[in-house]
Structures are given as C-alpha cells and as structure tokens.
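> Need coordinates for the following:
(one chain, ligands or ions: 1)
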Amino acid sequence: MDETHVDGDLVEVLFTEEQIQQRLAELAAEVQRDYAGEDLLIVGVLKGAVMVMADLARTFERHVEMDWMAVSSYGSGTKSSGVVRILKDLDTDINGRHVLIVEDIIDTGLTLSWLVSNLNSRGPASVEICALLRKPDALQMTVDVKYVGYDIPNAFVVGYGLDYAERYRNLRCIGTLAPAVYS
Ligand code: IMP
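Presented below is the predicted three-dimensional model:
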C-alpha cells in the first residue's frame, strides 16, 4: 500500500486500485459496445468524478469528448436535498448529442435525478449515467443508472475522487473512513 499517510484513517479498504481499474475496464467495454458508431460526450460532475473520468476515458479505444459540470446541492449535513445550483455549466451544446454522465457515487440520487432532467431539457439524443459506486438509498431513486461499478453498503467512503472535507480524494483505493476522523 502507498497509503501510509492515512494509516488509521481508514477502517477498511473496500476496493484496491487494481479492482477499480479492472471494473472500469469492464464498464468501458460495455459503454464502447453500446455506443458503437455513435458520437459520445462524457460529462464529469466535479470534483468527485475527476479520477473516474480520467481512467474511464483512457480505457476507451474510441474517440470521446469530455466536458464538466459543477453543481452544489443545498442540503443539511451529509444528505442532499435535491435542490441544486449550477456552479459551472457545460461548455458544449448537447442538442442532438449522446451524453453519458460520469459520477463517483450515487447516494440518495437526488443530485443526479435533477441533473438528468436538466440535461434532458436541452434536447440531447440521449442521457445516461455511469457511476462507479452506488449506495442502497439510491435504489429507490427514479433515475435509471445504466452503468454501475459496485453497489456498496451505507457507510461514508473516501478515496479515488471521494472526499471528506476535501481530503482523501487523491487516494488510489476506496475505503471506509474511521468514525474517529469526523467525530
Ligand atoms: P446524492 O444527491 O445524495 O446522490 O449525492 C451524491 C453526492 O454526495 C456525491 O456526488 C458525493 O459528492 C457525495 N457523497 C455521497 N456519499 C458519499 C460518501 O460516502 N463519501 C463521499 N462523498 C459522498
């Protein structure tokens, strides 16, 4: 492990770097198959999706365009409310385009369901979602997630783009944060 600077901060490593890369390669193969012959724009949701975007895009053996959005969800504590504000919008006009939203994690799904309807109002050819992680609460959401890396238990996880107070995003693995860190 190269994660010695966070020794003790993680209760458990859920996914190693190798496991993440392996699963992303499988997802990328599915995406490539489904969008064969189509133009594709992948949209990363800042900041959490940076690592997934970078690795997914580099796994593709096809042309792909990348764009980014930053949104902030008004919520209390750690749960989002579904009321979303756009901090950075797309640079791209998605009218008639096939759009794949790339996310690190879906928790309640509220942010993503808002984002999907927002993007759908812009006249795209299609809007689908690819999320590396999905928590149980998300299973109740009304938005279909076409590509899911892993379903995980309802614990707070960090690493590989996911943060706690802006830390841990740069870990190569994904792990469960020790309660002592945030108490
Ligand atoms: P949702 O609207 O509840 O689905 O919110 C999803 C967002 O909450 C993600 O994009 C993350 O930024 C954040 N989030 C949810 N669960 C976790 C977690 O376990 N660790 C870090 N961030 C999380």
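
> So what sits opposite the residue nearest the centre of the chain in the bridge?
The C-alpha lying nearest the average C-alpha coordinate of the chain belongs to residue 103 (C-alpha atoms, centre = their mean; 1.6 Å). Taking DSSP bridges, one obtains residue 131 as the residues bridged to residue 103.

> need the helices for this structure, in chain order.
17-34, 50-59, 110-120, 179-182 (DSSP state H).

> for the second one, which positions count as buried?
For helix 50-59, a neighbour-count test (16 or more other C-beta atoms under 10 Å) marks 50-53, 55-56, 59 as buried. Bear in mind the C-beta positions are built from the backbone N, C-alpha and C, glycine included.

> As TSV, these with distance to the ligand and pLDDT would be great.
Listed next are those as TSV, based on distance: C-beta to the nearest ligand atom, whole Å; pLDDT from 0 to 100:
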residue	distance to the ligand	pLDDT
50	12	98
51	13	98
52	11	98
53	13	98
55	17	98
56	16	97
59	21	96
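
> what's the closest of those residues to residue 90?
When the buried residues of helix 50-59 are ranked by distance to residue 90 (C-beta to C-beta), residue 53 comes first, at 13.7 Å.

> of all the residues in this protein, which ones are close to the ligand?
Contact residues, the chain versus the ligand (C-beta under 6 Å from any ligand atom): 48, 73, 80, 103-112, 156-158, 162.

> Pull out the buried members of these.
Counted by 16+ other C-beta under 10 Å, these give 48, 80, 103-112, 157-158, 162 as buried.

> Can you tell me which one of the residues you listed sits lowest on pLDDT?
On pLDDT alone, residue 80 ranks lowest of those, at 62.

> ok, the closest residue to residue 179 other than its chain neighbours to the ligand distance?
The shortest distance from residue 179 to any residue other than its chain neighbours is 7.9 Å, reached at residue 11 (C-beta to C-beta, 6 or more residues apart in numbering). Applying C-beta to the nearest ligand atom, to the nearest Å, the value for residue 11 to the ligand is 13 Å.

> Could you report the neighbour count for residue 11?
14 (other C-beta atoms under 10 Å).

> My guess is it contacts residue 181. True?
No. Counting by C-beta atoms under 8 Å, residue 181 is not a contact partner of residue 11; they are 9.5 Å apart.

> beta partners for the nearest residue to residue 14 once chain neighbours are set aside?
Of all residues not flanking residue 14 in the chain, residue 174 sits nearest, at 5.1 Å (C-beta to C-beta, 6+ apart). Beta-bridge partners recorded for residue 174 (DSSP bridges): residue 15.

> what's the spacing between residue 174 and residue 64?
From residue 174 over to residue 64 the distance is 24 Å, taken as C-beta to C-beta, to the nearest Å.

> And these two? Which one has more around it.
Shown here are residue 174 and residue 64; by other C-beta under 10 Å, residue 174 has more neighbours (28 against 17).
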